[in-house]
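**Q** Got a predicted model here, sequence first, then my questions.
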Amino acid sequence: MNKVDVLLGLQWGDEGKGKIVDVLTPKYDIIARFQGGPNAGHTLEFDGIKHVLHTIPSGIFRKDTLNVVGNGVVIDPVIFKKEIDALQPFNVDIKNVLLISNKAHLILPTHRLLDAASEQAKGNKKIGSTLKGIGPTYMDKTGRNGLRVGDLFSPNFQEKYYALVEKHKGMLNHYPSFEYDLSELEPAFFEGIELLKTLTTIDSEHYLNNALKEGKTILAEGAQGTLLDIDFGSYPFVTSSNTVTAGTCTGLGVAPTRIGNVLGIFKAYCTRVGSGPFPTELENEVGEKIRKHGFEFGATTGRPRRCGWIDIPALKYAIMINGVSELAMMKSDVLDSFDTIHVCTHYKIDGKIIDYLPFDINDLEIEPVYEEIKGWNCDLTKLTSYDDAPAELKAYVQYLEEKLEVPITTVSVGPDRLQTLSTKQ
Ligand code: GDP
Ligand code: IMO
Ligand code: MG
């Protein structure tokens, strides 16, 4: 029986997951999202066109591939409809190539309002949420109040919806300074619901396990990144789902013994969007240069991403938690004009040097300890073979492989599908 390969981010999201899923899709029969929702923004570029997907798996543009939105995902019918509408010019046979789990939870307009109200109330302690209603929806899931895609077909769906909305209104009363007008939001929600009902909904856990039995190949597409995981991320500045490999099991209904290769994606440097600790952050002209060259602005919210150097203790932690078997280094070209690249190998806390991620990095004064690596100082974006890569880039890759103890099999040198190099031919 086949196994499910997993692709996921090892940092704070936006590592380039969408691009690599798209590149790998021809090798798979099925691409499946297992967690998160429209807080994700996965960018794909080919034929001169840039696409940003939020809930729909990144295999959607390749012919002959099926795309599954798993039970662990939360769906906002409003955003989902917009995504589907945006696919219209590209002749995607949505009803046949996009399958949605009956068990995926729905994001209601009031979930979005609760997200906004909660963030507003937190003031300068806010998480920096994408305000897509992710936290409140997962709270209703674990609180056993949520509505699922399968409920749409129940004769008393409206009743269930209004009961939950009443509950939410009561909760919103706890934020007296938060003003809202639900009636403005509901029409788009119900339009989205009507569209969802016309799509193909399935019991995805049965579907995927049967597919494995039949010898089909499946790639699970992670959203966010390991350092945003609800259990292992920089809590409380995290998202509300398990973004790690284990999330594949619960978010798709595949057993741990059915997990195959785990491909971990990281940037040649590091970014974060939203609040929370970031030990190697560069709040100076170097950080500014990375942001400019890497066009580091959120694919979902447009917010500028915070930029910094690569962080080995954090990456090693992510590799451990996920059982990563191979690595892809993204956005190498962004460092094209740096004479020297810094790599954080250790942290200095209270004069003590450590090489691991401590319990709570929020309140600690962490000083990164850097090693300096010679930059390649040339344009990587035109490279078509890793053999032709400059010696300094190869040395950087080899240096990281030694530190991380996992092979880097892919090096990305630009946003386009074609700007992807395989290091081991
Ligand atoms: P995801 O959330 O992990 O899918 O990543 P995002 O799409 O949010 O952010 C990655 C951004 O970097 C997108 O704008 C991609 O088009 C772009 N990108 C991906 N790989 C590369 C690369 O190797 N070089 C450059 N310059 N951009 C890249
Ligand atoms: P992709 O899949 C980067 C961040 C938000 C915020 C925190 C919580 O594109 O890599 P949430 O809306 O989930 O309540 O926000 O998590 N965040 C992301 N940052 N990439 C993402 O997804 C993210 N999804 C959420 O900025 O700090
Ligand atoms: Mg993104």
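**A** Perfect, I can see it now. Ligands and ions are numbered 1, 2, ... in the order given.

**Q** and the protein, which of its residues are near ligand 3?
**A** By Cβ under 5 Å from the ion, the residues of the chain that approach ligand 3 are 14, 41, 299. The C-beta positions use only the backbone N, C-alpha and C, and glycine is treated the same way.

**Q** now those as CSV including secondary structure and pLDDT?
**A** Below are those laid out as CSV (DSSP: H, G, I helix; E, B strand; the rest coil; pLDDT from 0 to 100):
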residue, secondary structure, pLDDT
Asp14, coil, 97
Gly41, coil, 96
Ala299, coil, 82
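
**Q** Skipping its backbone neighbours, what lies nearest the residue of the stretch 101-250 of the chain found nearest ligand 1 in space?
**A** Sorted by distance to ligand 1 under Cβ to the nearest ligand atom, the residues of the stretch 101-250 of the chain start with Ala223, at 7.2 Å. Excluding its sequence neighbours, the residue lying closest to Ala223 (Cβ to Cβ, 6 or more residues apart in numbering) is Gly36, at 3.2 Å.

**Q** Go ahead and confirm that neighbour touches Gly70.
**A** No - Gly36 is beyond contact range of Gly70, at 10.3 Å (criterion: Cβ atoms under 8 Å).

**Q** How about the contacts made by Glu367?
**A** 347-349 (Cβ atoms under 8 Å, 6 or more residues apart in numbering).

**Q** Any of these buried? List them.
**A** Tyr347 (16 or more other Cβ atoms under 10 Å).

**Q** Could you list which of the contacts of Glu367 belong to helices?
**A** If you go by DSSP state H, these have nothing in helices.

**Q** Mind picking the one among the contacts of Glu367 that's closest to ligand 3?
**A** Tyr347 (26.3 Å; Cβ to the ion).

**Q** wait, does stretch 41-58 contact ligand 2?
**A** Yes - interface with ligand 2: stretch 41-58 contributes 41-42 (Cβ under 6 Å from any ligand atom).

**Q** Next one: Gly48 from Pro415, what distance?
**A** 11 Å (Cβ to Cβ, to the nearest Å).

**Q** okay, those two: which has more neighbours?
**A** Neighbour count, other Cβ atoms under 10 Å: between Gly48 and Pro415, Pro415 has more, with 20 against 6.

**Q** Enumerate every residue touching that one.
**A** 19, 43, 45, 50.

**Q** rerun that using 7 Å as the cut-off
**A** Residues in contact with Pro415 (Cβ atoms under 7 Å, 6 or more residues apart in numbering) are 19, 43, 45.

**Q** now that we have those, which one has the most neighbours?
**A** Busiest of the contacts of Pro415 [other Cβ under 10 Å] is Lys19, holding 26 neighbours.

**Q** Confirm that that residue sits in a strand.
**A** No - according to DSSP: H, G, I helix; E, B strand; the rest coil, Lys19 belongs to no strand; its state is helix.

**Q** Retrieve the pLDDT associated with it.
**A** If you check Lys19, the pLDDT there is 98.
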